[in-house]
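Chemist: 3D model of this:
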Amino acid sequence: MRKSLALFALGLSLTLGTPAVLAQARPPLEWFNPQGQASLGYDQQLFQFLSGQAGDRAALLASIDHSLRYLDTPAAVEDYENFSIPWITRERVRRSLVRFRQLAQTVRSPQELQAAVQREFVFYRAVGDSRYGGQTYFTGYYEPIYEASRTPTAEYRYPLYRRPSNLESWRTPHPGRAQLEGMDGEGKESLLRGGELVWLRDRLEAFLVHIQGSARLKMPDGEIMSIGFHGSTDYPYLSIGREMIRDGLHPADGFTLPKMIDIFRRRPELLSVYIPRNNRFIFFRETFGAPATGSISVPVTADRSIATDKDLMPPGALALIDTQIPQVDRNGRVTPVRVNRFVLDQDTGSAIKGPGRVDVFMGTGDVAGQRAGVMGYRGELYYLVLRE
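Modeler: Numbers count the residues shown, from 1 in each chain. Below you'll find the model as predicted:
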């Protein structure tokens, strides 16, 4: 699941654009002493959700298994041969996951797991970004569900495209978005004509699939089609939210995805003004019901998978996030809640750059979209490896 983001950079990343990569005079991860941090590693959601539902321990264990499967692949061997932090090796990450899985499977309380982790594991803190006071900025992404058709009609006229077979031979710079889908998004004169995969009824929804990198699409006959990332043009991600702020359509403070959508719903003519400015264009393929997949080619798990800059952070590794995450309470309200949560680093994205950016996968569907759309909070990111 690649995002342009990698899937959508919401919140501050949406409003201010892709954070510049922090100039590194030191490693992106530094040793951290967890002693005295009363809440660090206290993961209540493993045992019970805020809504009172049973916890997601099984989901975490499955996500660990996904990372372990990746770590046994030739791709992981190559990734770690090129990894820049010598004390975090593929084998050490693998042993750490195996031991953590044993603990997570057998503990009876969040306190018991917290104590075991602090006793057996070394913590490395991401150095963050100076613009966030040395903290990390967390956003959310999700897999949307939209209505679509396998054939174009007067109602369904906004195409998503397959990857061109000759993409590798395209001259650079690649064609811009307007050349590939037209200023109106309908692609009538597109260079990709004939390579359409599916058509959506809503232009903004088609663009948001580009941002999120995958989707589940409901056909008129009720069939559900799943699609996923299959390449992109060579342009960097450009935040249209930032462009809208610059043009005075909304103050930077408090600008979220729902507010951006509301502006476009009220003024649809603005779609042709702002969408073509983001020249990064995503290609898709049908995934035949497969779950949303991260950049290390394993499924991503709601609330348990994160996307980071893989030039800096260890792929597939066990991590711990300390931040606020929007949750749905018993009354259906979306409310930010402070969490300490064990996660797996399984994805990346073109808008997730530097040691101070993390995108958390929120799941599939409208509720996940509501949560992702308002998420944008500072916090801390830690990686955990077994003591030598």
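Chemist: identify the residue nearest residue 127 in space, chain neighbours excluded?
Modeler: Distance criterion CB to CB, 6 or more residues apart in numbering; nearest residue to residue 127, sequence neighbours excluded, is residue 355 at 5.1 Å. For glycine as for every other residue, the C-beta is placed from the backbone atoms N, C-alpha and C.
Chemist: state the number of residues packed around that neighbour.
Modeler: 26 (other CB atoms under 10 Å).
Chemist: my read: it touches residue 125, true?
Modeler: No: checked against CB atoms under 8 Å, the pair residue 355 and residue 125 is beyond contact range at 9.7 Å.
Chemist: need the overlap of contacts for the two.
Modeler: residue 29 (CB atoms under 8 Å, 6 or more residues apart in numbering).
Chemist: quick one, strands of the protein?
Modeler: 29-32, 121-126, 136-143, 145-149, 158-161, 196-200, 214-218, 224-232, 282-286, 305-307, 318-328, 334-347, 357-364, 376-386 (DSSP state E).
Chemist: residue 252 is nearest to which of these?
Modeler: Using CB to CB as the measure, strand 376-386 is the one of these that comes nearest residue 252, at 11.3 Å.
Chemist: and the closest one, what does it pack against?
Modeler: Strand 376-386 sits against helix 11-16, helix 90-106, strand 121-126, strand 136-143, strand 318-328, with contacts defined as 3 or more CB pairs under 8 Å, 6 or more residues apart in numbering; DSSP states H and E.
Chemist: just the C-alpha atoms of the last one, please, in CSV.
Modeler: Extracted in CSV, the C-alpha atoms of strand 318-328 (Å, rounded to 0.1, in the frame of the first residue of the first chain):
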residue,chain,number,x,y,z
LEU,A,318,8.7,-3.8,16.3
ALA,A,319,7.9,-0.2,17.3
LEU,A,320,6.0,1.6,20.0
ILE,A,321,4.1,4.8,19.4
ASP,A,322,3.2,7.3,22.1
THR,A,323,0.7,9.8,20.7
GLN,A,324,-3.0,10.6,20.4
ILE,A,325,-5.1,8.6,18.0
PRO,A,326,-8.8,9.3,17.2
GLN,A,327,-11.1,6.6,18.6
VAL,A,328,-14.8,6.0,18.2
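Chemist: so who does the most far-flung residue of the chain relative to its centre touch?
Modeler: Distance from the centre of the chain peaks at residue 154, with 32.9 Å (CA atoms, centre = their mean). By CB under 8 Å, 6+ apart, no residues touch residue 154.
Chemist: next: the one 5 residues further on.
Modeler: Contact analysis of residue 159 by CB under 8 Å, 6+ apart lists 152, 181, 186-187, 190, 196-200, 206.
Chemist: one more: residue 313?
Modeler: 28-29, 126, 345, 355, 383.
Chemist: ok, residue 236 touching residue 350?
Modeler: Yes: assessed by CB under 8 Å, residue 236 is found in contact with residue 350 at 6.3 Å.
Chemist: closest to residue 298 among the contacts of residue 313?
Modeler: Nearest member of those to residue 298, counting by CB to CB, is residue 345, at 11.1 Å.
Chemist: check the closest one and give its pLDDT.
Modeler: Residue 345 carries a pLDDT value of 98.
Chemist: check residue 31 too.
Modeler: pLDDT at residue 31 comes out at 96.
Chemist: any idea how far residue 322 is from it?
Modeler: Separation of residue 31 from residue 322 (CB to CB, to the nearest Å) stands at 16 Å.
Chemist: next: residue 225.
Modeler: Residue 225 is 38 Å from residue 322, where distance means CB to CB.
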